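[1] Sharing a model that was predicted from the sequence below.
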Amino acid sequence: MAMPLRQSIKVATYLIEQKLRKREKFPLIVELEPLFACNLACEGCGKIQHPAGVLKQRMPVAQAVGAVLESGAPMVSIAGGEPLMHPQIDEIVRQLVAKKKYVFLCTNAMLMRKKLEKFTPSPYFAFAVHIDGLRERHDESVAKEGVFDEAVAAMKEAKQRGFRVTTNSTFFNTDTPQTIIEVLNFLNDDLKVDEMMISPAYAYEKAPDQEHFLGVEQTRELFKKSFAGGNRARWRLNHSPLFLDFLEGKADFPCTAWAIPNYSLFGWQRPCYLMSDGYVPTYRQLIEETDWDKYGRGKDPRCANCMAHCGYEPTAVLATMGSLKESLRAARETIGGNR
């Protein structure tokens, strides 16, 4: 597992604390959306389809930081929209890092080089750059030429300046094992990013492209072939071993939507980052008033083909904590740096 040892220890300590307190539901990471505006229009995205008035809104710093602190989560992923379009995004990051929260700033990197000077390298902070494939594949997915080259240039400069750089890759039914292997080899070996996150795309109802989302069996076959030949062990993937088992069909889990809650301009979104069935103003209301049992594969048709990390990675992490064998496996791979 590519997660730094310090971060792994903090997350493990947090999980043990929740178990000792006998808390049934708690957050691992908050998905924070301080804006919905974006400078790209990706074909598989279902996050930016809002009225012009909503797209102009920016979440105040105090509100953004307060939501994360309210939840108590040790990690936060700042998404959107494009977070670097928020005029105070650096202050949001600074305050969260000061609270020793692990912050991942998701970005398409179009503004990254211009904004680097606003940020300070820290073990608690990382850029998480969206890369869905090599040049032709990625530029097609974001519907704009030149985005891949700019993202690569931005990642190289950020690494040179001492920042932690991670990537987030989403795959569709147009991908093949070879295209996945090629992009992950490039990120891992050529760019030498610190960590890589991968996920099959979720079929957003509002996404412009509805034809290229993966089904469950397609996902399993795709990742099984992509991970073959020792690739999985070599890549610096920021996932638990059990989640990677899940992706290639070696294990199956229920969804744990409550473990990665989403907070946006509208409030706490139920039930998860991917589905919007309403909003509540407080984290406590989200946890206590949401009927979690009605969501998941076999329960809600919108969940039928979902294998996204925001729903299933937490389940894998919790299953790891509940198994001595899997805990030792995860610890060995964290310390050893590979699978």
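    Looks like it arrived, so ask away.
[2] what are the ranges of the strands in the stretch 201-339 of the chain?
    Assigned by DSSP state E, counting those that start in this stretch, the stretch 201-339 of the chain shows strands spanning 262-264, 267-271, 276-280.
[3] Which of the three states applies to the residue lying closest to residue 121 once chain neighbours are set aside?
    Leaving aside its sequence neighbours, residue 121 sits nearest to residue 162 (CB to CB, 6 or more residues apart in numbering; 4.0 Å). The way it works is simple: take the backbone N, C-alpha and C, and place the C-beta from them, glycine included. Here residue 162 is recorded as coil under DSSP: H, G, I helix; E, B strand; the rest coil.
[4] what about residue 283, distance to residue 315?
    Per CB to CB, to the nearest Å, residue 283 is found 20 Å from residue 315.
[5] Now stretch 115-132: buried residues?
    For stretch 115-132, a neighbour-count test (16 or more other CB atoms under 10 Å) marks 115-116, 119, 122, 124-132 as buried.
[6] From these, which land in strands?
    Using DSSP state E, 125, 126, 127, 128, 129, 130 are the members of the buried residues of stretch 115-132 that sit in strands.
[7] which residues touch the closest residue to the first one other than its chain neighbours?
    Counting by CB to CB, 6+ apart, the nearest residue to residue 125 once its immediate chain neighbours are dropped is residue 103, at 5.0 Å. Taking CB atoms under 8 Å, 6 or more residues apart in numbering as the criterion, residue 103 is in contact with 75, 76, 78, 93, 96, 97, 124, 125, 126.
[8] neighbours around residue 139, how many?
    18 (other CB atoms under 10 Å).
[9] so it touches residue 147, yeah?
    Yes - judged on CB atoms under 8 Å, residue 139 makes contact with residue 147 at a distance of 5.5 Å.
[10] most tightly surrounded among the strands of the stretch 201-339 of the chain?
    Highest mean neighbour count of the strands of the stretch 201-339 of the chain: strand 262-264, a mean of 25 (counted as mean count of other CB atoms under 10 Å).
[11] contacting residues for the residue nearest to residue 79 when sequence neighbours are not counted?
    Distance criterion CB to CB, 6+ apart; nearest residue to residue 79, sequence neighbours excluded, is residue 106 at 4.5 Å. Residue 106 sits next to 77, 78, 79, 80, 83, 128, 130, 168 when contact means CB under 8 Å, 6+ apart.
[12] Dump those into JSON lines; add secondary structure as well.
    Below are these laid out as JSON lines (three-state DSSP):
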{"residue": "77", "secondary structure": "strand"}
{"residue": "78", "secondary structure": "strand"}
{"residue": "79", "secondary structure": "coil"}
{"residue": "80", "secondary structure": "coil"}
{"residue": "83", "secondary structure": "helix"}
{"residue": "128", "secondary structure": "strand"}
{"residue": "130", "secondary structure": "strand"}
{"residue": "168", "secondary structure": "strand"}
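[13] Now pLDDT too, for those, in CSV please.
    CSV is the format used below for these (pLDDT from 0 to 100):
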residue, pLDDT
77, 98
78, 98
79, 96
80, 88
83, 98
128, 99
130, 97
168, 96
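[14] from these, which is closest to residue 194?
    residue 128 (10.1 Å; CB to CB).
[15] partners of that closest one in the sheet?
    residue 106, residue 166 (DSSP bridges).
[16] hang on, it packs against residue 107?
    Yes - using CB under 8 Å, residue 128 and residue 107 qualify as a contacting pair, with a distance of 7.0 Å.
[17] Rounded mean pLDDT for the longest helix anywhere in the chain, please.
    Identified as the longest helix of the chain according to DSSP state H is helix 5-20. Across helix 5-20, pLDDT averages out at 91.
[18] Which residues does the next helix or strand after that helix contact?
    Counting by DSSP states H and E, the element after helix 5-20 in chain order, helix or strand, is strand 29-32. The contact list for strand 29-32, computed with CB under 8 Å, 6+ apart, reads 64, 67-68, 71, 73-79, 259-264, 273, 310.
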